[in-house]
Every structure is written in C-alpha cells, then in structure tokens.
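S.K.: Sharing a sequence plus its predicted fold:
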There are 2 protein chains.
Amino acid sequence: MKTLLAMAQLAKSASHHVRQASAEAKNLALHKMGASLKKQREAILKANLVDIEKAKADLPPHMVDRLSLEGGRLDAIISDLETVIQLPDPVGKLLEERTLPNGLELQKVTVPIGVLGIIYEARPNVTVDVASLALKSGNAAILRGGKETLHTNIVITRALQEGLEEASFPKEAIQLLKSPSRLQLRRLLKLDAYIDLIIPRGGEGLHRFCKEHSYIPVITGGMGICHLFLDESADIEKSLEVIYNAKTQRPSVCNALDTLLIHRNAFALFFPLLVKKLAEKGVIFHLDERAWSLFPHQGEAFLRACEKDWQTEWMSLHLGVKIVDSLQEAVEHIQTYGTGHSDGILTSSPVNGEAFVRAVDSATVYINASTRFTDGGQFGMGAEVAVSTQKVHARGPMGLRELTSYKWIIKGNYQVRK
Amino acid sequence: MKTLLAMAQLAKSASHHVRQASAEAKNLALHKMGASLKKQREAILKANLVDIEKAKADLPPHMVDRLSLEGGRLDAIISDLETVIQLPDPVGKLLEERTLPNGLELQKVTVPIGVLGIIYEARPNVTVDVASLALKSGNAAILRGGKETLHTNIVITRALQEGLEEASFPKEAIQLLKSPSRLQLRRLLKLDAYIDLIIPRGGEGLHRFCKEHSYIPVITGGMGICHLFLDESADIEKSLEVIYNAKTQRPSVCNALDTLLIHRNAFALFFPLLVKKLAEKGVIFHLDERAWSLFPHQGEAFLRACEKDWQTEWMSLHLGVKIVDSLQEAVEHIQTYGTGHSDGILTSSPVNGEAFVRAVDSATVYINASTRFTDGGQFGMGAEVAVSTQKVHARGPMGLRELTSYKWIIKGNYQVRK
C-alpha cells in the first residue's frame, strides 16, 4: 500500500496532466470511467454486499439501506456520471480583461484548483459523483469515504482508474484513501504542499474535525439551522404551503426549515391553521414561552422550547416556533442562532422584504420561497459538490465553477516597472 | 483590558453595523479617521519615539528605520487613507442574475466578509492601511501588529476609533490586539465563531504559523520564488532590461526575480551581457553546474549553486542561474521549485509563450514583462491588501473586491420545491 505522502505526491503530479487536458479529453475520460463501471458491475455489487453484511451487525436498517447499490442505484450513479459529460467545461473562462496604461494586457482566466481532498461518510454514490466533478473541472482528487463502504469504494475506484488509463490519463488523478481512520485523516489534512483544498461532506463533527486539524483550506458548510420569518403582511394560504414544503418535503436535509419566527400580530390567526396543516405529517412543535401561553396546546405534538432548541438543526419533523415583536427581533434571532445557510421572510411588503435581505447575512436569503431551493441543481449550476456556509471562496451551493481558481495572464512587450 | 473573546464578540457585533453602512457613511467615517490622525499627530509621533528608542537596543539600524514615522511618513499614511475614500465601494455589486423556470429570481450580490483578523509585523503604516481598506469594504477588523510598534499602534488605533465614533460607527469595528504574543495569536486563530478570515502580512514563518494553528480560513501568500525563462528566441537587448528590472529595482520584495532559467542555445551570447549589465548593481550569481563550467567566472560575484538555492527567495541581490535544454525543462523546474507567485517567459515565439502560460500554474504568468508588476496598484485594483499564492478565494494581488464575499438573494411568489 502506498504511503499517504506518496499518494499526495502522485496526485499533485497527475493534477498537472489533468489541469491541461482539453474539454474533449476530459469528457472521453468520463465516458471511459462510465463504461468501466458498467463492465465492473458484478464486482462492485459483490463488494457492496460484503459491506452490507458487515454493516447489518453495526448499523440500524435505514442506515444499512443508504449503503446499498441494489435496485438500480448503481445504474442511477452511472447515469449521473454521464450527465456530467454534458455540463460546460468550467476551465479557461475569461473572467476579466484589460489593457493597462503601459500596454500590458491582463487576462484573468479560470483554472483548476489542483488537488482536492474530499472527505465523506457512508454513501458510495459520492465516490463516483465527486470523482466525476473533480475530473470535469480539471482537478485531481484524493477521496476518503466512510469505512462502512470501504469495499465498495475500493472496487469503484479501481474501475474509475481503469477508465482513466484507457483515456490515457494518469490513474492517480483519482485515488482512494484505503485506511479511513481519523489518524490517517489527520495526516492527510497536513499535506498542504500537495493538496490545495479540502471539501468535507458530512455532519457537523466531520466539518469541525477538518477545520481544526487542517493546514489546507477547508470548505465548511453543510449545517443549516434555517429560519423563516412570517411577517404580519404575509399571504396566509401561500405561507402555509411554503412552510409545509420547507419543513416536511425532506426533513433530513440541511436546507429544511428548523425555526419559524412569527410576528405577534400574525400568530393568533396563522398558527392554528399551521398546526392543522402540519399535523398530517406528525410535526412536533417546540413553542417559546409566549406561544406556549397563547396557544391552547394539547397532546404530544407540543413541547416547551428551551434555549438549546434554537441551536438545533433538527434533521427531522421538529419545528421551533417563536413569536417576535418586529422584523428587527427576527433578524437578531437569526443573527444569534443562524448558521448562515438559508433564511427567508414571508411578506407582502416590499419594504420589509428589502430590509430583511439587507440585514440577514446568510449564504441564501429568500423573500417568499421555500428554503428547500438552496441546491446547486435548483440554482441551475448543473451539479452540486457541497453547500458552503463560510464566507471565503464560495458561498452557498458549489457547482463545477466553484471547483476552479483563476490565474492572471499578462502579455507584454518587455515592459519594466518604473 | 478586554479579553480576546470579548474583543471578537464586539467585532462581530460591530460588523453587522459596518456591513450595512452606505458608501457615503463609510467614506464619512474614513474622512473622520483621517482628521483624527491629524489631530493626534503629536501623540502618535511621541509614541513612535518610545518604540524607536526601545528598538534601537534590539534591532539593526535599517530595521529601526522601518518603524519610524518621522520625516513626513505619517502625512503619507494619512494621504493614503484619503485615497481609499476615492475608491469605488466594492459592496452590493450584482455578480449574476437569472430567473429560474419556476419564476424564482436569483441574484448573486457582493457583501462584506464580516470580521477580518489581520496579522502583521513591524510597520506602523500597515495599521492605518488595512484599517481603512477593511472599513471601506464593509468589514470589521482585529489587528495584531508587531510588538516593535506596539505603542505607535495603540495611539493610532485610538485615533482611528475616535474617528469612527464621530461618524457614529461602533469603535469596535477596528480593534488592536494589545498583547502581541504568539500565545495570544494562537488563541485568536481559534475564534472561528466570530472571525471570518485571517490575512497574515509578513514572512514565511508568520504565514505558516497562521496556517497551522488556525480554525479560521487563512489567506496565505507573500512568499515568491519568481522565475524568468529566457527562450532562445527572446530579444536580447529588451530581455536584459526586463531581467535588470525584475532583479534590481527593489530586490527585497516578493515579486523580485529569484531564478533565471536560460535556454542552452541562448546562454553563450546572452549571459556575458547580463553579467555586465547586472555587475553595476553588485548582483551575485549562483550558477548551476553547466553555467559554472561554460562561463569563465571570476571573482566573488559567482558562486556554485546548490540545491537549496533553487528553494530560496533571495530578497536581496542574489540570482540563481540555470541552463535548461527546453521550455519543458524550464516548466518542470518552476513546477518543482516555484511558489506559484509570479513566473514569466521572455520569447519572440507566440507558440512558446502560449505553451508556457498553459503549463505554468502560478498566480501571475508573464509573457515578456518584468515580474515586478504583480501588485494590486499596478493591476489597477486601486489598493493592495495582500498577494495570495493559494488557490482558493483569491489568487495574486488582492484589492478591495477580494475583501468581499457574496450572498444569494432569491425573490419568489411563495414557490415550493417539487
């Protein structure tokens, strides 16, 4: 087995090949990678069964199910890879161009980042997904998946590498870290001479681990405590639909609604209707003191909210509910408890809408729409690598373009600096 | 004295004020800050003398001189601050706009980053410089200057804060860390809940320290091992001028030339002319084995290059010289030893120029110009905060725009995700 350092050096060296490859060459490689996955289908499914059997002993059934590639899932993964071929090449785009007074011609042009370290958890589809997006954007990648799918990932990566080689790409453009211990991850995060960017995909704990141990820039994100503020002027019927969608359409994801802030003048009329609407899905309401005393709560669907609830990304059918006196109070709550992911206002007042947008400093700020739209696919990016909640490099959904950097190209006629 | 945590919390809170301030309000604050520096001139110069006296015991004279604000230097600093007022506001710029098929209107708009941590060494001008650029771009900043100028920085920061308050800005928008120990810096680098970006300005050691200890994203850069490759087709007279400029105009800065790569077919004719040209400045040549044996070297201006020399940013009148057989060999040398700062080719062949630009992955790649142009002012950015040699967020010179992030603003009509 190669050492981690050797892997990183090979990745850097492979990245010099990949970053200079034409769009056609990269698409050919993606095509060959897809064909190779098809050819290795039996081997992949067999390895997946080994992982599944092992997982059954350790994990609850719904987690085991997430690991499985049965039932057409492998085909869907291969089809996703083929979709990446159709996306526009993000490399070599002219971002800016100008001629300086001394005649120097400046161009700012997109280039690949170099070597990506992508750290993820127990979903084998991510292996193909991020490998194809990394390659399409001219990057090499070192992948570190979860130990629960190690066998599957090994066979998948081997297939991807065979595809790369058939297209005359160095197979080290895509490598898998085969011992996914935290110790190895820590070592990986120190290799800043070879790896240019770390992208964690997983829970809060993984993001924090990467942030705290890395010498390499890390894209942190993923965690979204998402808010909607119901202004007193909001359309009641339509707001019910938006909140219903934001909370219940897919409660386990980062852009689902966590806390609803309701203007005090809207509460008495609106909240009973909302309770009725969300009851059919079994939503549990965590009510702040005022809502608790104002609303005739009954039964197990209602809990008294505690401080901790405002700091919780529910990932399930729980919903924090708080009455606020003003837009300003709503903004302050979001400023205090938000994670800068997706927050919105429901209002019929353009003035309030603008004030909310100006005051709330989140990656995505909505006026009258479900928070569930924060997604690279929905944004028209064609793909999503991650959702960033930090302020540098990229913010919000990251697509192929966010896997590029740029360089300045300067053409002169032997100018010297005065 | 406030604790570090309290400082960071106050900075975050002040940042919510500054990020929403209009261009006019920020310019007024800058104006007041300048007026306040003028008013406090005597106190600043007095504090500066205390630092100077202390430094004389510890530092060599040329270092002591860098600390001084005498002889019109303070006026120049205030005048630089006033120049920042004239620069365009980088906040609120529309970067992208589109309407999705479901009618959602997306806007991608520049916003301030939030709280900047700016870590620098012994130049008191940096305090005013970065404070004004941070404020202009709508950011709050925590400054950590060198201990050699602590007294000066304390009085300058107090003056800046008075200016902020006169313009009704929270004074905590600009704060100085008054105990500039490495331990305090380490603590600062962990406050990722409040500080959004760390910008070190100083030597390699400072950058590395920040990178290794920070939980907050760090812009690394500054270090430039810069190369020029003299192709066999290059114009000899003009190339001599460019190399002379790149090496000798200001040898102590990061964009000065460090290593000259000469095509073997150009060496015999070109190098003796270069030696003659650079001799007047006292340049010391570090010759690789081939150059050493081919060139009739004599005297103290010539040394045999060792491996370490290619890894050295000279910051002085030394120059590494290596003969290469091809453009490819030049590229490989730059790939191996370069720091991704500024590298160029001197050539009359457009084909070779393009090949070089494609193959060399540096922040700034030149065809026929001095590497000394890598500078925010020269690039027409109006100001320079730092030069980034990493691949994320910003690459090359960073101006005001590179002190911004963006947010997505989405306006809907109560759309829900299907």
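M.R.: In hand now; what should we look at? Numbering: from 1, shown residues only, chains lettered A, B, ... in the order given.

S.K.: How is chain A divided into domains?
M.R.: A:4-220+A:392-411, A:226-377 (automatic domain parsing).

S.K.: ok, and does the longest one reach over to chain B?
M.R.: Yes - using Cβ under 8 Å from any Cβ of the partner chain, domain A:4-220+A:392-411 reaches chain B at A:16, A:19-20, A:98, A:100, A:104, A:106, A:111, A:113-114, A:192, A:196-197, A:211-212, A:215, A:217-218, A:392-393, A:395-396, A:405-411. C-beta here means a position set from N, CA and C on the backbone, and glycine is covered the same way.

S.K.: Got a PyMOL select line for the buried ones in the residues you listed?
M.R.: Selecting the buried subset of the residues of domain A:4-220+A:392-411 next to chain B in PyMOL, with 16 or more other Cβ atoms under 10 Å in any protein chain shown as the burial test, is done by:
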select buried, chain A and resi 16+19+104+106+111+113+114+192+196+197+211+215+217+218+392+393+395+396+405+406+407+408+409+410+411
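
S.K.: now the domains of chain A in JSON lines, with mean pLDDT?
M.R.: Shown next, in JSON lines, are those (pLDDT from 0 to 100):
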{"stretch": "domain A:4-220+A:392-411", "mean pLDDT": "95"}
{"stretch": "domain A:226-377", "mean pLDDT": "97"}
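
S.K.: and A:Glu97, that one's in a strand?
M.R.: Yes - according to DSSP: H, G, I helix; E, B strand; the rest coil, A:Glu97 belongs to a strand.

S.K.: wait, what's in contact with the nearest residue to it once chain neighbours are set aside?
M.R.: Leaving aside its chain neighbours, A:Glu97 sits nearest to A:Gln107 (5.2 Å; criterion: Cβ to Cβ, 6 or more residues apart in numbering or on different chains). Taking Cβ atoms under 8 Å, 6 or more residues apart in numbering or on different chains, we find A:Gln107 in contact with A:94, A:96-97, A:408-411.

S.K.: Next, format these as a markdown table and append secondary structure.
M.R.: A markdown table is the format used below for the contacts of A:Gln107 (three-state DSSP):
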| residue | secondary structure |
| --- | --- |
| A:Leu94 | strand |
| A:Glu96 | strand |
| A:Glu97 | strand |
| A:Trp408 | strand |
| A:Ile409 | strand |
| A:Ile410 | strand |
| A:Lys411 | strand |
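
S.K.: Pretty sure A:His17 sits in a helix.
M.R.: Yes - counting by three-state DSSP, A:His17 falls inside a helix.

S.K.: Look at it and say how many residues are nearby.
M.R.: A:His17 has 17 neighbouring residues, counting by other Cβ atoms under 10 Å in any protein chain shown.

S.K.: repeat for A:Ala23
M.R.: So A:Ala23, with other Cβ under 10 Å, has 15 neighbours.

S.K.: what about the residue nearest to A:Glu97, which SS state?
M.R.: Following three-state DSSP, A:Gln107 is assigned to strand.

S.K.: Quick check: bridge partners of it?
M.R.: A:Glu97, A:Ile409 (DSSP bridges).

S.K.: for the closest residue to A:Ala29 other than its chain neighbours, what are its contacts?
M.R.: Leaving out its chain neighbours, the residue that sits closest to A:Ala29 by Cβ to Cβ, 6+ apart is A:Ala167, at 3.8 Å. A:Ala167 makes contacts with A:25, A:28-29, A:31-33, as judged by Cβ under 8 Å, 6+ apart.

S.K.: what about burial for the residues you listed, which qualify?
M.R.: A:28-29, A:31-33.

S.K.: mind listing the helices for the stretch 151-300 of chain A?
M.R.: A:182-188, A:204-213, A:236-248, A:264-279, A:289-294 (DSSP state H, counting those that start in this stretch).

S.K.: Could you single out the most deeply buried of these?
M.R.: Comparing these by mean neighbour count (mean count of other Cβ atoms under 10 Å in any protein chain shown), helix A:236-248 comes out on top with a mean of 21.

S.K.: about what we covered before: what distance do you get for the residue nearest to A:Ala29 to chain B?
M.R.: 20 Å (Cβ to the nearest Cβ, to the nearest Å).

S.K.: cool, and A:Leu278?
M.R.: 14 Å.

S.K.: circling back to that earlier point, tell me the spacing between the residue nearest to A:Ala29 and B:Ala122.
M.R.: 53 Å (Cβ to Cβ, to the nearest Å).

S.K.: Rebuild the contacts of A:Gln107 as JSON lines, extending it with distance to B:Met7.
M.R.: Output for the contacts of A:Gln107, formatted as JSON lines (distance: Cβ to Cβ, whole Å):
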{"residue": "A:Leu94", "distance to B:Met7": "43"}
{"residue": "A:Glu96", "distance to B:Met7": "37"}
{"residue": "A:Glu97", "distance to B:Met7": "42"}
{"residue": "A:Trp408", "distance to B:Met7": "36"}
{"residue": "A:Ile409", "distance to B:Met7": "42"}
{"residue": "A:Ile410", "distance to B:Met7": "41"}
{"residue": "A:Lys411", "distance to B:Met7": "46"}
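
S.K.: Three-state assignment for the nearest residue to A:Phe379 once chain neighbours are set aside, please.
M.R.: Using Cβ to Cβ, 6+ apart and skipping the chain neighbours, the partner closest in space to A:Phe379 is A:Pro397 (5.2 Å). Following three-state DSSP, we place A:Pro397 in the strand state.

S.K.: Does A:Pro397 touch A:Gly376 like I think?
M.R.: Yes - A:Pro397 sits in contact with A:Gly376 when judged by Cβ atoms under 8 Å, with a separation of 3.9 Å.

S.K.: what about the two, which has more around it?
M.R.: A:Pro397 (26 against 20).

S.K.: Specify the beta-bridge partners of the more buried one.
M.R.: Under the criterion used (DSSP bridges), A:Pro397 bridges to A:Val387.

S.K.: Now do the contacts for it.
M.R.: By Cβ under 8 Å, 6+ apart, the residues touching A:Pro397 are A:374-376, A:378-379, A:381, A:384, A:387.

S.K.: Ok, A:Asp196 next?
M.R.: Contacts of A:Asp196 (Cβ under 8 Å, 6+ apart): A:113-116, A:216-217, B:390-392.

S.K.: try 10 Å this time
M.R.: Residues counted as contacts of A:Asp196 (Cβ atoms under 10 Å, 6 or more residues apart in numbering or on different chains) are A:11-12, A:15, A:112-117, A:139-140, A:216-217, A:405, B:340, B:390-392.

S.K.: How are the helices of the stretch 1-150 of chain A distributed by residue range?
M.R.: Taking DSSP H, counting those that start in this stretch as the criterion, the stretch 1-150 of chain A carries its helices at A:4-20, A:23-39, A:41-58, A:61-67, A:73-86, A:125-136, A:150-166.

S.K.: Let me know which of those helices is tucked in deepest.
M.R.: helix A:125-136 (a mean of 25).

S.K.: I'd guessed A:Trp254 sits against A:Glu313; true?
M.R.: Not Trp; residue A:254 is Cys. Yes - A:Cys254 lies in contact with A:Glu313 (Cβ atoms under 10 Å); the separation is 7.2 Å.

S.K.: more neighbours, those two?
M.R.: A:Cys254 (22 against 18).

S.K.: Between A:Pro397 and A:Gly376, which contacts overlap?
M.R.: A:383-387.

S.K.: Just name the closest of those residues to chain B, please.
M.R.: Using Cβ to the nearest Cβ, A:Val387 comes nearest to chain B of the shared contacts of A:Pro397 and A:Gly376, at 10.9 Å.

S.K.: show me the contacts for the closest one.
M.R.: Here A:Val387 is in contact with A:201, A:219, A:221-224, A:253-255, A:341-342, A:363-364, A:374-376, A:394-398 (Cβ under 10 Å, 6+ apart).

S.K.: Type out the PyMOL command that picks the buried ones from those residues.
M.R.: Remark: buried members of the contacts of A:Val387, expressed as a PyMOL selection using 16+ other Cβ under 10 Å:
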select buried, chain A and resi 201+219+221+222+223+224+254+255+341+342+363+364+374+375+376+394+395+396+397+398
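
S.K.: ok, back up a step: widest-spaced pair of the buried ones among the contacts of A:Ala167?
M.R.: A:Leu28 and A:Met33 (9.7 Å; Cβ to Cβ).
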